[in-house]
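*Asks:* sequence below, structure please.
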Amino acid sequence: MERSTKLFWVLVLCVAVMAHQAAALEILKGINPLIGETTLRGKGLISKVCTLSPSRDLCVEVLSSDKIRSPTANLKELAIISLRFAATNASDILADAKTLIDDDSLEPSIQQGLADCKENILDAESQLEDTIAALLIDSEADAQRWLRAALAAIDTCDASIPGDDDVLSVKSTMFRKICNIVIVVNKVLINPTIL
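*Replies:* Sure, this is the predicted structure:
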């Protein structure tokens with residue numbers, strides 16, 4: 001009799017966990033399972049997600065940057081908005097690197113470091129595109145891996161250039177912060193119950 005009681009409670013616990021997960025998935029889709037109405041989208045969702053970010057104000061700025069999509073965005077759309085913002089930032093870094101490479105007054109070793117940095121930024125841009133593609137096919141785990149690869153590429157870029165107060169270093173710091181916002185959004189996509 002005791003064994004069947006334990007089995008019953010294990011089943012009850014499993015059903016409760018499954019119901020909780022189903023409710024979390026509905027919330028992720030923007031539907032409140034209790035009342036069937038749309039929940040947390042746009043500004044409300046942005047505010048809630050950004051409480052998990054160490055750069056809260058920047059998070060709100062980044063996730064609100066798409067004037068058309070941000071006001072009604074769900075989590076996946078917010079992730080894509082932040083990835084596009086990061087890609088724009090990477091393009092700015094790339095443009096600055098190209099300009100600096102052509103500066104004849106720089107030492108050859110610095111120009112080589114800038115050329116290496118440029119290649120790494122190109123890799124980071126490509127990895128951001130791969131991250132978006134992974135999100136579009138609902139592969140949040142792959143998106144997280146591609147995003148970490150983009151962060152590693154920007155770290156390699158920084159390591160190839162001496163100093164930390166130049167234009168590229170300042171912009172790469174911002175790039176990291178933006179990518180960390182994407183990581184926060186993606187973590188919520190993977191586990192919506194953390195909201």
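*Asks:* would you confirm that residue 58 contacts residue 177?
*Replies:* Yes. In terms of C-beta atoms under 8 Å, residue 58 counts as a neighbour of residue 177; the distance is 5.7 Å. To be clear about C-beta, it is placed using only N, CA and C from the backbone, and glycine gets the same treatment.
*Asks:* where does pLDDT dip in the chain?
*Replies:* Scanning the chain for pLDDT under 70 picks out the ranges 1, 3-39, 163-165.
*Asks:* tell me the domain boundaries of it?
*Replies:* The chain breaks down by automatic domain parsing into domains covering 1-39, 42-194.
*Asks:* okay, these, which one's buried deepest?
*Replies:* domain 42-194 (a mean of 18; mean count of other C-beta atoms under 10 Å).
*Asks:* what about stretch 134-148, start to end distance?
*Replies:* Stretch 134-148 stretches 13 Å from its first residue to its last (C-alpha to C-alpha, to the nearest Å).
*Asks:* now what about it, what contacts it?
*Replies:* Stretch 134-148 has contacts (C-beta atoms under 8 Å, 6 or more residues apart in numbering) with 76, 79-80, 83, 127-128, 130-132, 179, 182-183, 186-187, 189-190.
*Asks:* so which of those sit within helices?
*Replies:* If you go by DSSP state H, these have 76, 79-80, 83, 127-128, 130-132, 179, 182-183, 186-187, 189-190 in helices.
*Asks:* the helix or strand that contains residue 173: how far from the chain's middle?
*Replies:* Using DSSP states H and E, residue 173 sits in helix 167-190. How far helix 167-190 lies from its chain's middle: 6 Å, per C-alpha atoms, centre = their mean, to the nearest Å.
*Asks:* which strands or helices does it pack on?
*Replies:* Helix 167-190 is packed against helix 42-50, helix 56-63, helix 75-101, helix 108-136, helix 140-159, with contacts defined by 3 or more C-beta pairs under 8 Å, 6 or more residues apart in numbering; DSSP states H and E.
*Asks:* the longest one vs helix 75-101, what angle?
*Replies:* Meaning helix 108-136. Orientation check (axes from the mean of the first three to the mean of the last three C-alpha atoms, to 10 degrees): helix 108-136 against helix 75-101 gives 160 degrees.
*Asks:* contacting residues for the residue nearest to residue 115 when sequence neighbours are not counted?
*Replies:* Counting by C-beta to C-beta, 6 or more residues apart in numbering, residue 115 lies nearest to residue 101, which is 5.8 Å off, once chain neighbours are set aside. The contact partners of residue 101, by C-beta under 8 Å, 6+ apart, come to 111, 114-115, 118.
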